[in-house]
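can't give you the sequence, but here's the structure:
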């Protein structure tokens, strides 16, 4: 069995190289994905410590990824994996006290996102729009989640025409199918607006983030809405519109 690396950036790269060598449909999400996507455009004021790693894998390759992680120095959480293994797996690095959370086929937390549909677009992470949505779907954003969203918005244009941008049409399309998802997106975009004045960033960067928040909001508002969306919208907040996700002891 191989040994894990103490530096989490090097460890992420090691695992990505192993995934690539085996041709698996598995990509990073979470804080490490934000760091890789932003790259040299990551503002130091938005950089944060990353405690754990997160992957999304296709259903077809879930077993192969599990075997890869076990051979790479990780121990599966037997109880968690027995209960959740059809949709989510947890692997532990006992030496460095880290975890890897693996989402199988879909990303399901407060809301359900079919982001595994885009596993083939980049070699390391899911596209920026999909990584962004895994953060925007969180009903109770913490400081790390907000920093990640701001980092993505500061480093990526919002456009459907640029493959390296945040694809607003992708975000809007999913929101237009699910009123609850859209409602959470809208609540969080407003929270992000409200927090702009507290960001320790240059005025030009804050303004850029603000413009991109508005571009996303406009795309979501203007997108066609499904019949299911319209029926659920009549109920609104009278019924809970999100799931309470099962959390594990981790730092993302």
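Looks like it arrived, so ask away. This structure is a prediction, so every number in the text was calculated from the model and none was measured.

from here on, contacts and neighbour counts on C-alpha atoms
OK.

which SS class is residue 48?
Look at residue 48: counting by DSSP: H, G, I helix; E, B strand; the rest coil, its state is coil.

now the strands for the stretch 101-250 of the chain?
Using DSSP state E, counting those that start in this stretch, the strands of the stretch 101-250 of the chain run over residues 107-108, 112-113.

Compute the number of surrounding residues for the residue nearest to residue 128 when sequence neighbours are not counted.
Of all residues not flanking residue 128 in the chain, residue 166 sits nearest, at 5.3 Å (C-alpha to C-alpha, 6 or more residues apart in numbering). A count of nearby residues for residue 166, using other C-alpha atoms under 10 Å, gives 26.

Next, work out how far apart residue 166 and residue 126 are.
11 Å (C-alpha to C-alpha, to the nearest Å).

same deal with residue 93?
Taking C-alpha to C-alpha, one finds residue 93 at 23 Å from residue 126.

Tell me which of these two has more neighbours.
residue 126 (27 against 21).

tell me the contacts of residue 98?
By C-alpha atoms under 8 Å, 6 or more residues apart in numbering, the contact list for residue 98 reads 51-53, 92, 250.

of all these, which two lie farthest apart?
Pairwise distances across the contacts of residue 98 peak at 11.9 Å for 51 and 92 (criterion: C-alpha to C-alpha).

what does the one helix or strand residue 83 maps to rub up against?
Per DSSP states H and E: residue 83 is located in helix 78-84. Here helix 78-84 makes contact (C-alpha under 8 Å, 6+ apart) with 88-90.

where are the low-confidence patches of the stretch 101-250 of the chain?
247-250 (pLDDT under 70).

again, only this time at 50
Under the criterion pLDDT under 50, the flagged ranges of the stretch 101-250 of the chain are 250.

Could you pull out the helices in it for me?
128-136, 143-155, 168-175, 179-195, 203-222, 227-235 (DSSP state H, counting those that start in this stretch).

For those helices, could you give me CSV that also reports distance to residue 244 and mean neighbour count?
Listed next are the helices of the stretch 101-250 of the chain as CSV, based on distance: least, C-alpha to C-alpha, whole Å; neighbours: other C-alpha atoms under 10 Å:
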stretch, distance to residue 244, mean neighbour count
helix 128-136, 15, 23
helix 143-155, 17, 21
helix 168-175, 19, 20
helix 179-195, 13, 18
helix 203-222, 24, 17
helix 227-235, 19, 13
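
Those: which one's closest to residue 47?
helix 143-155 (7.6 Å).

Need the phi and psi values for residue 88.
phi -160, psi 140 (degrees, to the nearest 10).

can you count the residues close to the closest residue to it other than its chain neighbours?
Spatially, and ignoring its direct neighbours in sequence, residue 88 is nearest to residue 103 (4.6 Å; C-alpha to C-alpha, 6+ apart). For residue 103, the neighbour count with other C-alpha under 10 Å is 27.

quick one: contacts for residue 103?
Here residue 103 is in contact with 54-57, 87-89 (C-alpha under 8 Å, 6+ apart).

would you turn the helices of the stretch 101-250 of the chain into JSON lines with distance to residue 79?
Listed next are the helices of the stretch 101-250 of the chain as JSON lines, based on distance: least, C-alpha to C-alpha, whole Å:
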{"stretch": "helix 128-136", "distance to residue 79": "25"}
{"stretch": "helix 143-155", "distance to residue 79": "27"}
{"stretch": "helix 168-175", "distance to residue 79": "33"}
{"stretch": "helix 179-195", "distance to residue 79": "30"}
{"stretch": "helix 203-222", "distance to residue 79": "39"}
{"stretch": "helix 227-235", "distance to residue 79": "36"}
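
Of those, which is nearest residue 42?
helix 143-155 (6.2 Å).

and that closest one, what does it pack onto?
Judged by 3 or more C-alpha pairs under 8 Å, 6 or more residues apart in numbering; DSSP states H and E, the packing partners of helix 143-155 are helix 30-38, helix 128-136, helix 203-222.

And the pLDDT at residue 18?
pLDDT, residue 18: 98.
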